[in-house]
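Sequence plus predicted model, see below.
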Amino acid sequence: MKKNKFVLALGLMTASSYSAGALAQQDEGWINQGHSYSFSNRVEMPYTAAATDSAMATIHQSSSGEFRSITVSGKSDFPRVNDDYLLVNGTYQPDRIYSNKSSFIIYDSAKKIAGFWNEKNRSVTPIMLNSIDNIFPGVESIILMSGNKLTEFNTETKTVMDSFSVTKPIRKIYHNGSVGANAWVILFDDGKVKIWGDESFGGKPSDELLAKLDKVSIKDIHVTEKSFIARTDEDKIVAWGGDEAANVPSTAQTMIGTFPVLDIQANKSAVAVSTSFGVFAWGSSECGGDSALEGTLMQYGNYKLDATDCSFIASNNSTGHTFVWGNINQEESFDLNGSNFDIYAAADSYLIRSLEGTPLGSINDEIPAPISSSMYASANETIGVFGDSFVMVENNGVNRYSAWKDGEAILTNLLITNPAGGGISFDNYYLATDGRSDVSYIAVYDAATDAEGVMKSINN
């Protein structure tokens, strides 16, 4: 029973179906804390799909959920494993797939076993650990949970980096990092934490900081590239790590919590916190932590926040007013016509749209004319953000896909049809790799036929 207690506390998810309408944005920081690697990809993929920095992989299942095949797209020389012996002979029948920067990790939940592959290890390589209950990917390593034991495993070097047991239920595991270094934080159900990893990324905090954390109960944590920003149950902020976001100004320390926290956003190296009194921001000046903006940001009490890689936007649905700061600086108001609006944040730009689907404007980007016309013509679109690109799915009985980046259309009204009565029990979906490499990739799959409708490479 104790083992099940730990598993249930983590909220394990089964391989889920994907709906184009379920493009929920995550607000836990610069690095995606989900099962698929990326920095600015804020869309929850299904557990049957994941992306590295240069490839995408999809598990295809029968209508009853049985494993059929794995499709890999993206970088041409990334290993394809559909004919891999361990998959063909049934050793692995994966129902979930995870990824870090360089590797795909498959998981067979029935057998509780996992394997991985990457450009160095070009076939499915077993992870020699039994009874795996869950997997948490980081940048180069992954956390494997077996009962109450956690093991950090590096998929590049095939080495165990750390291993220890925990004695209480886990609420969530967070990571930050970049290539070659990162740190981890376990947040337990009782609000306490365990921290490890590279010192320059906050993995070895001072005794003073650990004593401070031990006296409070943590509600949630946000991450920059090198720091962790923890919010306590009293809405106070405790930060640590290796960039300027770890240094919370005294004014912010005093006022945050005195006035309730409404929203927190973190980008690569700065943090913004919205309260009823105003917005507090700190970190690198380039990405929005400039102390000279303190007076200006006090005007934006009760504003909602969103973030790109290196900027923030504060918005007020009542007035239509927005303010952007960081490496993008722009103040603008929009005619709402009595409607509220949504903001979509890509890597370097924002899209602003009314709840009825009318495009109100964009910041540091431009909506291509054909796609803008489609937005005006139909109220049945869903917007997704993948890396540095926007994707629109228009559903009028069938799905049509459009995508754009930097004002240029990548796809326009791509139509994928499903054969009547056939197919798998989840919808079409699209994926994209992260936008920081020289080339990124976007793909649209037809889940009913296992066919890749289109795969487009984008020069960044």
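Thanks, I have the structure now.

Run a quick neighbour tally on the nearest residue to Phe104 once chain neighbours are set aside.
Spatial nearest neighbour of Phe104, chain neighbours left out: Ala57 (4.9 Å); criterion: CB to CB, 6 or more residues apart in numbering. C-beta coordinates here come from the backbone N, C-alpha and C atoms, glycine included. For Ala57, the count of nearby residues is 26 (other CB atoms under 10 Å).

what's the next secondary structure element after the lowest-mean-pLDDT helix or strand in the chain?
The least trusted helix or strand in the chain, going by mean pLDDT, DSSP states H and E, turns out to be helix 2-9, with a mean of 29. Sequence order places strand 49-51 as the next helix or strand after helix 2-9, per DSSP states H and E.

Other residues contacting that next one?
18, 35-38, 41, 45, 56-59, 74, 97-99, 104, 429, 431-434 (CB atoms under 8 Å, 6 or more residues apart in numbering).

Over to stretch 321-337?
267, 270, 281, 286-288, 290, 293, 296-297, 300, 303, 308, 310-317, 319-320, 341, 343, 348-350, 352, 354, 358, 360-361, 363-364.

Same question for stretch 198-210.
The contact list for stretch 198-210 (CB under 8 Å, 6+ apart) reads 176-177, 181-184, 195-197, 213, 225-228, 238, 240-242, 246.

My reading is that Gly295 lies in a helix. Confirm?
Yes - counting by DSSP: H, G, I helix; E, B strand; the rest coil, Gly295 is located in a helix.

So that it lines up with my notes, have the first residue be 288 from now on.
Will do, 288 is the new start, and the previous item becomes Gly582.

How much space separates it from Val566?
Distance, Gly582 to Val566, using CB to CB, to the nearest Å: 11 Å.

Who has more neighbours out of these two?
Val566 (27 against 9).

Does the more buried one touch Gln552 like I think?
No - Val566 lies out of contact with Gln552 (CB atoms under 8 Å); the separation is 9.8 Å.

so what's in contact with the two at the same time?
Shared contacts of Val566 and Gln552 (CB under 8 Å, 6+ apart): 559, 592.

Among the contacts of stretch 608-624, name the ones in helices.
Within these, residues falling in helices by DSSP state H are 583-584.

can you map out the helices along the stretch 338-487 of the chain?
For the stretch 338-487 of the chain, helices defined by DSSP state H, counting those that start in this stretch occupy the ranges 372-375.

got it, and the stretch 588-737 of the chain?
Here the stretch 588-737 of the chain has its helices, by DSSP H, counting those that start in this stretch, at 656-664.

Any stretches of it with poor pLDDT?
Within the stretch 588-737 of the chain, the segments meeting pLDDT under 70 span 666, 684, 703-716, 722-723, 732-737.

cool, and the stretch 288-437 of the chain?
288-314, 326-331.

What separation do you get for the nearest residue to Ser665 once chain neighbours are set aside and Ile639?
Spatial nearest neighbour of Ser665, excluding adjacent residues (CB to CB, 6+ apart): Glu681 at 5.6 Å. Using CB to CB, Glu681 is found at 19 Å from Ile639.

what do you get for Ile429?
Computed as CB to CB, the Ile429 to Ile639 distance reads 37 Å.

of these two, who's got more company?
Neighbours were counted for Ile429 and for Ile639 using other CB under 10 Å; Ile429 has more, 24 against 20.

Convert stretch 654-670 to PDB, retaining C-alpha atoms only.
C-alpha atoms of stretch 654-670 as PDB (Å, rounded to 0.1, in the frame of the first residue of the first chain):
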ATOM      1  CA  ILE A 654      -0.600  37.700 -39.000                       C
ATOM      2  CA  PRO A 655      -0.300  36.800 -42.700                       C
ATOM      3  CA  ALA A 656      -3.300  38.100 -44.700                       C
ATOM      4  CA  PRO A 657      -4.700  34.700 -45.700                       C
ATOM      5  CA  ILE A 658      -4.600  33.400 -42.100                       C
ATOM      6  CA  SER A 659      -6.100  36.700 -40.800                       C
ATOM      7  CA  SER A 660      -8.900  36.400 -43.300                       C
ATOM      8  CA  SER A 661      -9.700  32.900 -42.000                       C
ATOM      9  CA  MET A 662      -9.800  34.100 -38.400                       C
ATOM     10  CA  TYR A 663     -12.400  36.800 -39.400                       C
ATOM     11  CA  ALA A 664     -14.400  34.300 -41.500                       C
ATOM     12  CA  SER A 665     -14.800  31.500 -38.900                       C
ATOM     13  CA  ALA A 666     -15.400  31.300 -35.200                       C
ATOM     14  CA  ASN A 667     -14.200  27.600 -35.000                       C
ATOM     15  CA  GLU A 668     -10.500  28.100 -34.800                       C
ATOM     16  CA  THR A 669      -8.100  26.900 -32.100                       C
ATOM     17  CA  ILE A 670      -4.700  28.600 -31.700                       C
END
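
Which residues outside it are in contact with it?
With CB under 8 Å, 6+ apart as the test, stretch 654-670 has contacts from 307-308, 310, 629, 631, 638, 640, 643-646, 677-683, 687, 689, 691, 694-696, 699-700.

Can you select the buried ones from the residues you listed in ChimeraX?
Here is the ChimeraX selection string for the buried members of the contacts of stretch 654-670, based on 16 or more other CB atoms under 10 Å:
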select :307,310,629,631,638,640,644,646,677,678,679,680,681,687,689,691
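
Tell me which of the contacts of stretch 654-670 fall in strands.
Taking DSSP state E as the definition of strands, these contribute 629, 631, 638, 640, 646, 677-682, 687, 689, 691, 695-696, 699-700.

For Val548, report the pLDDT, please.
We have a pLDDT of 95 for Val548.

pretty sure it contacts Ser563?
No - the criterion here is CB under 8 Å, and Val548 misses it with Ser563 at 9.3 Å.
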